[in-house]
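*Asks:* what's the 3D shape of this:
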Amino acid sequence: MVEGRTLKRGTRLLNPDGNERLTASVGLVLIVLTVIELATLLLGLQRFLSLHVFVGIVLLPPVALKLASTGWRFTRYYTRAAAYRAKGAPQLVMRLMAPLLVAATIVLFGSGVAMGFLHGHSLRLARQLHGPASVVWMLLVGVHVLVYLKRALVSSKEDVDPTSRSAVRGASARNLILAAAVLTGLVVGLGTVTVQHRWLHLPAKHDRQDGSARHPGTT
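*Replies:* Sure thing, here's the model as predicted:
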């Protein structure tokens, strides 16, 4: 009886159900953005390179939020917080994949951001890392989606359905955090549009026009 009261109090304080719902919601946002990013590759990266960079930047805050929410659960579970222990651990295969997915995420987005600032050998190295990391990341995310999509849809639906929304405290805070992550990504992404000639290491528009005027035979 005492143990049951302790577990209930721990669940109330740590809110593992709220953590699960936040993780699910941000996961669905990431799926949508990742599909758009994948489409830029399949339809021709050179043609949609600007959109590819924009979506990649928009992804950054939601990805950071996903790492934070799953990292919090990981930390609380392995520090033996009763509420999180009661929720149980992920499947063994997914636990083994998790470090690979985190590493691929860091390399992929780290190299992508770095390409906006590096030059010379460092830029070439970032590009060499970015391509393989994107393949590994897509494969791991694909497995992740297959395993968790149904669960994420159910959890997200419960967090917007009035009949189940109030069952887990913090719904408004979760919505605010998720909206802030997406909005931050959009604002930062839009802020890069005017300087993408630097990000992509292409000449600025006026430089291309001047170059065309000086060398009319070139394309």
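*Asks:* if I look at P162, how far off is L43?
*Replies:* 40 Å (CB to CB, to the nearest Å). C-beta: built from backbone N, CA, C; applies to glycine.
*Asks:* who has more neighbours, these two?
*Replies:* Legend: neighbour count by other CB atoms under 10 Å for P162 and L43, higher for L43 (11 against 6).
*Asks:* Torsion angles phi and psi at that one?
*Replies:* Backbone geometry at L43, expressed as degrees, to the nearest 10, gives phi -90, psi -10.
*Asks:* With the one 3 residues further on instead?
*Replies:* When read as degrees, to the nearest 10, the backbone of Q46 gives phi -60, psi -30.
*Asks:* mind checking how far the residue most central in space within the chain is from L33?
*Replies:* Per CA atoms, centre = their mean, the C-alpha nearest to the average position across the chain is that of V63, at 2.3 Å. Going from V63 to L33 by CB to CB gives 9 Å.
*Asks:* re earlier: enumerate every residue touching the residue nearest to the centre of the chain.
*Replies:* L30, T105, F109 (CB atoms under 8 Å, 6 or more residues apart in numbering).
*Asks:* What's the first helix or strand after the longest helix along the chain?
*Replies:* Assignment by DSSP state H gives helix 120-160 as the longest helix of the chain. Scanning forward in sequence from helix 120-160 by DSSP states H and E, the next helix or strand is helix 162-165.
*Asks:* orientation of the helix or strand just after that next one relative to helix 120-160 in degrees?
*Replies:* Once the chain leaves helix 162-165, the next helix or strand it forms, by DSSP H and E, is helix 171-193. Taking axes from the mean of the first three to the mean of the last three CA atoms, to 10 degrees, one finds helix 171-193 and helix 120-160 inclined to each other by 150 degrees.
*Asks:* Any buried residues in helix 171-193, and which?
*Replies:* Of the residues in helix 171-193, A171, R174, I177, L178, A181, V182, T184, G185, G189, T192 count as buried by neighbour count, 16 or more other CB atoms under 10 Å.
*Asks:* again with stretch 104-113
*Replies:* Going by neighbour count (16+ other CB under 10 Å), the buried part of stretch 104-113 is A104, T105, V107, L108, F109, S111, G112.
*Asks:* Give me the below-cutoff pLDDT ranges for this protein.
*Replies:* Along the chain, the parts satisfying pLDDT under 70 run over 1-14, 197-219.
*Asks:* Mind doing that once more with 50?
*Replies:* In the prediction, the chain carries residues with pLDDT under 50 at positions 1-4, 6-7, 10-11, 203-219.
*Asks:* and the angle for the helix or strand containing G110 with helix 120-160?
*Replies:* Using DSSP H and E, G110 maps to helix 92-114. Counting by the same axes, to 10 degrees, helix 92-114 lies at 130 degrees to helix 120-160.
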